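> Predicted coordinates and the sequence they were generated for:
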Amino acid sequence: MHTNRRALLKSAGALGVAVQTSSGAPRFADDRAYWLRLLERLGEPVLGNLSRGTLKNAMPVECSGGNQTERRRYAHLEAFARLLAGIAPWLETRLDPGPEHDLQQHCRELARQALSVATDPGSPDFLNFNEGAQPLVDCGFLAQALVRAPGELWRKLDAGAQRRLAAALASSRSIVPGQSNWLLFSAMVETALAAMGERWDALRIDYAVRKIEDWYLGDGVYGDGPQFHWDYYNSFVIQPMLLDTLRNIAAHSDRWNALLAGVQARARRYAAIQERLIGPDGSFPPVGRSIAYRCGAFQVLAQAALLGELPPPLTPPRVRCAMTVMVRRVMDAPGTFDERGWLRIGLCGHQPHLGESYISTGSLYLCSVALLPLALPPPDPFWAGAAEDWTSRRIWAGLDMPADHAL
């Protein structure tokens, strides 16, 4: 590891020691340095190995209820695509020279090399983009990463890697999505292909966004299909991918422009709900499937902060404090990582029975989407503002607060 990067990560202050502010809100000596330390901890094993063509050899594939041989067909693209979906905005942002910029440059180079290796049929780490059903999911996450960082992850690729990457994404069209959030993976792939200057299929986008619109249930919540499920899929997939599809496809077609304002309003409401779900100690209800994606459950709140779409009375510092304590609650639990630095199944430590049959080591890297606000530069109020208590901490401390209301 570069010595400057080591110094940066060491400076996360007491990496685990909280200080009290005058408001009583806990704040770590340097919240951003902690988030960056976590980004590197998640990213280095995946990007480092894939860029060298050693990911399949190095990454364990832990399963709790599924067939390990089957999951090994998909786990490596899962890890890579989901990691990139979370760190892509940070890769794209402009930073001043310094240790963080050095870390960013290092990760950019690894990510581009990894994209080249992953799409090279002659590489030992050539990934599976179209065999079985699962690759459609992770082509969707990879497409989301590309629209979140087009400069670093697309335009700076060499021409050969660009051709292979476009072909890899397009090959996922052979997979038929189910009547669920999976429709958005197809839409996200088409959106990325449009942004890449490739031929794209408007029907796949139209069908997905119209079905999701049909499944809107009220108060900022969509069904995953025609019925409501108590889980975090509104945040894992539905709302972030719907937003990223509509915001990015607008440059290529105005067909769906009328939907965007309503989708944004619903996302703001869902972000408000998510902030209230973070308890005073950073815990949150362990409800629904895929809970082993850990802090990835709060992607909508992270994305609202990144896009400047936090609803009143939420403020960026309030959300930073809530999310920092929540992320630490799940990611710092003993057993979260194995002795070689790979994620293990669980929510608060190693809890393999919390994984469903489709959960393996690779899928766990969706936790990285909680890190979206790192794309806001250090002077942004999200990072520079004085610490504030979040809603549940205020209420459970006995403070008077305005009542919550539906959208």
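Perfect, thanks for sending it. Numbering: from 1, shown residues only.
> show me what contacts residue 219?
By C-beta atoms under 8 Å, 6 or more residues apart in numbering, residue 219 lies in contact with 269, 273, 406, 407. C-beta: built from backbone N, CA, C; applies to glycine.
> Could you find the closest non-adjacent residue to residue 246?
Spatial nearest neighbour of residue 246, excluding adjacent residues (C-beta to C-beta, 6 or more residues apart in numbering): residue 260 at 4.8 Å.
> burial of the nearest residue to residue 162 once chain neighbours are set aside, as a residue count?
Closest residue to residue 162 apart from its sequence neighbours, by C-beta to C-beta, 6+ apart: residue 154 at 6.9 Å. Around residue 154 there are 21 other residues, counting by other C-beta atoms under 10 Å.
> Quick check: residue 154 is in a strand.
No: when classified by DSSP: H, G, I helix; E, B strand; the rest coil, residue 154 is found to be helix rather than part of a strand.
> who's in contact with it?
146, 162, 165, 195, 196 are the contacts of residue 154 under C-beta under 8 Å, 6+ apart.
> Give me the buried entries from those residues.
By neighbour count, with 16 or more other C-beta atoms under 10 Å, the contacts of residue 154 hold 146, 162, 165, 195, 196 as buried.
> Go through the residues you listed and flag which are in helices.
Applying DSSP state H to the buried ones among the contacts of residue 154, the entries found in helices are 146, 162, 165, 195.
> Send me stretch 55-74 as PDB with only the CA atoms.
Taking C-alpha atoms only, stretch 55-74 is exported to PDB below (Å, rounded to 0.1, in the frame of the first residue of the first chain):
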ATOM      1  CA  LEU A  55     -10.000 -13.000  -8.400                       C
ATOM      2  CA  LYS A  56     -11.400 -16.400  -9.100                       C
ATOM      3  CA  ASN A  57      -8.400 -18.000  -7.500                       C
ATOM      4  CA  ALA A  58      -8.300 -15.700  -4.400                       C
ATOM      5  CA  MET A  59     -11.900 -15.000  -3.500                       C
ATOM      6  CA  PRO A  60     -13.700 -17.500  -1.200                       C
ATOM      7  CA  VAL A  61     -17.300 -18.300  -2.100                       C
ATOM      8  CA  GLU A  62     -19.200 -18.800   1.100                       C
ATOM      9  CA  CYS A  63     -22.800 -20.000   0.800                       C
ATOM     10  CA  SER A  64     -25.300 -20.700   3.500                       C
ATOM     11  CA  GLY A  65     -28.200 -22.300   1.700                       C
ATOM     12  CA  GLY A  66     -27.200 -22.500  -2.000                       C
ATOM     13  CA  ASN A  67     -25.100 -24.700  -4.100                       C
ATOM     14  CA  GLN A  68     -21.500 -23.500  -3.900                       C
ATOM     15  CA  THR A  69     -20.600 -24.800  -7.400                       C
ATOM     16  CA  GLU A  70     -23.600 -23.000  -8.900                       C
ATOM     17  CA  ARG A  71     -22.800 -19.700  -7.000                       C
ATOM     18  CA  ARG A  72     -19.200 -19.800  -8.100                       C
ATOM     19  CA  ARG A  73     -20.500 -19.200 -11.600                       C
ATOM     20  CA  TYR A  74     -21.800 -15.800 -10.500                       C
END
